[in-house]
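*Asks:* Structure, please.
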Amino acid sequence: MRRLVSSPDAVGNLTFQDTEVPTPKANECLIRVKAFSMNRGELK
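*Replies:* Numbering: from 1, shown residues only. Purely as a prediction, here's the structure:
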């Protein structure tokens, strides 16, 4: 699984990192995101 992480050292202050797939607890669910969009306001 990949996650998007805020990193001041990265170009554009964002970087992708590989991580393990989380295991949901009994009262949680896991959803798959195929696409997302961010705007400039969400990055600040």
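*Asks:* all strands of this protein, in order?
*Replies:* For the chain, the strands defined by DSSP state E occupy 2-6, 14-18.
*Asks:* Which strands or helices does the helix or strand bottoming out on mean pLDDT in the chain pack on?
*Replies:* Scoring the helices and strands of the chain by mean pLDDT, DSSP states H and E places strand 2-6 at the bottom, with a mean of 87. With contacts defined as 3 or more CB pairs under 8 Å, 6 or more residues apart in numbering; DSSP states H and E, the packing partners of strand 2-6 are strand 14-18. C-beta coordinates here come from the backbone N, C-alpha and C atoms, glycine included.
*Asks:* how far is the strand it packs on from where the chain is centred?
*Replies:* For strand 14-18, the separation from the chain centroid amounts to 8 Å (computed by CA atoms, centre = their mean, to the nearest Å).
*Asks:* Okay, now the sheet partners of it, with direction.
*Replies:* Strand 14-18 has these partner strands in its sheet, going by DSSP bridges: strand 2-6 (antiparallel).
*Asks:* hmm, back to that, nearest to residue 39, out of the strands of the chain?
*Replies:* Closest to residue 39 of the strands of the chain, according to CB to CB: strand 14-18, at 13.0 Å.
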